[in-house]
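Colleague: Test case, fold it:
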Amino acid sequence: MKSLLALFMVIFLIGCSESKKEPVFQLSDIREYYKGAPEGVETRWISSENKTGAKGKAGMTNKRAKGDAFSMIGPGDTLVIFDQKGSGIITKIWSANSIQWAKEDRQKLSINMYWDGEKKPAVSVPFIDFFGVGLGLTATFENEFFSMPEGRSFNCSVPMPFRKGAKIEIVNETEKFIMFYYKINMVHVPKLDDDVLYFHAFWNRDTATVKGVDYTILPKVEGRGRFLGTNIGVIGNEKYRGTWFGEGEVKIFLDGDTQYPSLAGTGTEDYIGTGWGQGEFANSIQGSTISNKEHDLYTFYRFHTYDPVYFHKDCKVTIQQIGNSTKEKIIEMNKNGAEIVPVWSYVEKDGYDAAKRYLDMENPPAVTSDAFPGGVSTNFYRSDDVSATAYFYLDRPSTELPALPSVDIRIKHIKKKVFDNIDQ
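Modeller: Below you'll find the model as predicted:
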């Protein structure tokens, strides 16, 4: 009888202890708009009008009138715009700032994000590129995670969870003072589920990709996570002017893949959901925000939402550097020093068809009128200026990825090749 009583007491105590556990907050709670406030969850807005987000401390300047709508960032200074302790989720980031109007300085402003007290940022990206358009350009668009209403403000709605704390800073590497407006919306939560991952973003640029070598969108990261997507910017090589840049296939290496990936697309414009070239459009998970064929300037994005890219051990993402043109154009370019390395040629047989003549990459033929008898168009390896922001979630708050490249790399040729040719 005593043993049975003791058993009941243990069951009772276990039940009591479980009932006192902190509630676990689910992101889905936010999306169920008809539900009341979850227990222990508090909404906060952090801005220049309430820099700490403290309860009852907003809009206190200038006798409760608008008095502190923006912050100034001096030349070479860093402004911390978010510094919170405990568990929470950033739900929205908005900014409008004077960097918008100073094109030559856009790539000199960067955003860093730190999770759970880490010294290395999980996000370190040129500010304007982070918000969805590459090459330091702006565009009027909206997608699942980013938008630029009227092309002059910056919005991000990627959920960014943290367990112990979070810090966001803006680094000004210009020689000017920057008027910086911002608002970061968040919820403090009692606890996050164990499987909640940390948000990361990585940016890199290769001003002259190597022919036959894939450009790396995301270097290999180790851990369990999810590749969320990317935005890519391309400055076409002048030697190939008037040809199509986007035959390269996106390749995603998962969980130990080495020579060959598990996932591969069929072409650049195919990856972002269009085909037969690439005009400007903006869909919820795919789009081409800039498509300037005259100067070979392209920016485009793809997010994996309902078609998730999960990984359990590691992930690496690349895109081939391959273009396409006619046999005659390739011969002309080669005479002008383009040194074309062909990949394969379409073959004409009783009219146009999809037959392909593959070439010997170890000993590619000379590009002459006799190289591709009957050829209609030819794919070829290119060397272009490519940059990309990769977005992903990972089960750890920092990585071993390289740091953000220097300002010199970020701004190289940008004025001459981008801003002098396009007004955005």
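Colleague: only C-alpha atoms for contact and neighbour calcs from this point on.
Modeller: OK.
Colleague: Can you show me the strands along the stretch 301-424 of the chain?
Modeller: Along the stretch 301-424 of the chain, the stretches classed as strands by DSSP state E, counting those that start in this stretch are 309-311, 314-319, 322-325, 341-348, 352-358, 375-381, 385-394.
Colleague: how about these in a markdown table, adding distance to residue 107 and mean neighbour count?
Modeller: Listed next are the strands of the stretch 301-424 of the chain as a markdown table, based on distance: least, CA to CA, whole Å; neighbours: other CA atoms under 10 Å:
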| stretch | distance to residue 107 | mean neighbour count |
| --- | --- | --- |
| strand 309-311 | 29 | 19 |
| strand 314-319 | 23 | 22 |
| strand 322-325 | 27 | 23 |
| strand 341-348 | 33 | 21 |
| strand 352-358 | 41 | 12 |
| strand 375-381 | 28 | 22 |
| strand 385-394 | 12 | 24 |
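Colleague: mind giving me CSV with these and columns for mean pLDDT?
Modeller: CSV is the format used below for these (pLDDT from 0 to 100):
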stretch, mean pLDDT
strand 309-311, 98
strand 314-319, 98
strand 322-325, 91
strand 341-348, 67
strand 352-358, 49
strand 375-381, 77
strand 385-394, 98
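Colleague: Identify whichever of these lies nearest to residue 140.
Modeller: Minimum separation from residue 140 across those (CA to CA) falls at strand 385-394, 18.6 Å.
Colleague: Disregarding residues adjacent in the polypeptide, which is nearest to residue 149?
Modeller: residue 140 (5.6 Å; CA to CA, 6 or more residues apart in numbering).
Colleague: what's the distance between that neighbour and residue 123?
Modeller: 24 Å (CA to CA, to the nearest Å).
Colleague: what's the neighbour count on residue 40?
Modeller: 14 (other CA atoms under 10 Å).
Colleague: next one: phi and psi at it?
Modeller: Torsion angles at residue 40 (phi, psi; degrees, to the nearest 10) stand at phi 80, psi 0.
Colleague: How confident is the prediction for it, by pLDDT?
Modeller: You'll see residue 40 listed with a pLDDT of 89.
Colleague: same thing with residue 350?
Modeller: 48.
Colleague: neighbour-wise, which of residue 140 and residue 123 wins?
Modeller: Legend: neighbour count by other CA under 10 Å for residue 140 and residue 123, higher for residue 123 (26 against 15).
Colleague: isn't the more buried one right up against residue 113?
Modeller: Yes. With contact defined as CA atoms under 8 Å, residue 123 counts as touching residue 113 (4.9 Å).
Colleague: now the strands for the stretch 1-150 of the chain?
Modeller: Assigned by DSSP E, counting those that start in this stretch, the stretch 1-150 of the chain shows strands spanning 42-47, 71-73, 78-85, 88-97, 109-115, 123-126, 141-142, 146-148.
Colleague: Name the stretch among those that sits most buried.
Modeller: Mean neighbour counts were compared across the strands of the stretch 1-150 of the chain using mean count of other CA atoms under 10 Å; the top stretch is strand 123-126, at a mean of 26.
Colleague: Pull up the pairing partners for it, direction included.
Modeller: Here strand 123-126 has these sheet partners by DSSP bridges: strand 109-115 (antiparallel), strand 198-206 (parallel).
Colleague: Let me see the mean pLDDT of the host helix or strand of residue 227.
Modeller: If you go by DSSP states H and E, residue 227 is part of strand 225-235. For strand 225-235, mean pLDDT is 98.
Colleague: Check which helices and strands that strand is in contact with.
Modeller: Of the remaining helices and strands, those touching strand 225-235 by 3 or more CA pairs under 8 Å, 6 or more residues apart in numbering; DSSP states H and E are strand 297-303, strand 309-311, strand 385-394.
Colleague: out of the ones you listed, nearest to residue 248?
Modeller: Nearest to residue 248, of these and by CA to CA, is strand 385-394 at 12.3 Å.
Colleague: I'd like to know which elements that closest one is packed against.
Modeller: strand 198-206, strand 215-222, strand 225-235.
Colleague: Any chance of CSV for those strands, columns distance to residue 303 and mean neighbour count?
Modeller: Converted to CSV, the helices and strands packed on strand 385-394 look like this (distance: least, CA to CA, whole Å; neighbours: other CA under 10 Å):
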stretch, distance to residue 303, mean neighbour count
strand 198-206, 13, 23
strand 215-222, 13, 22
strand 225-235, 4, 23
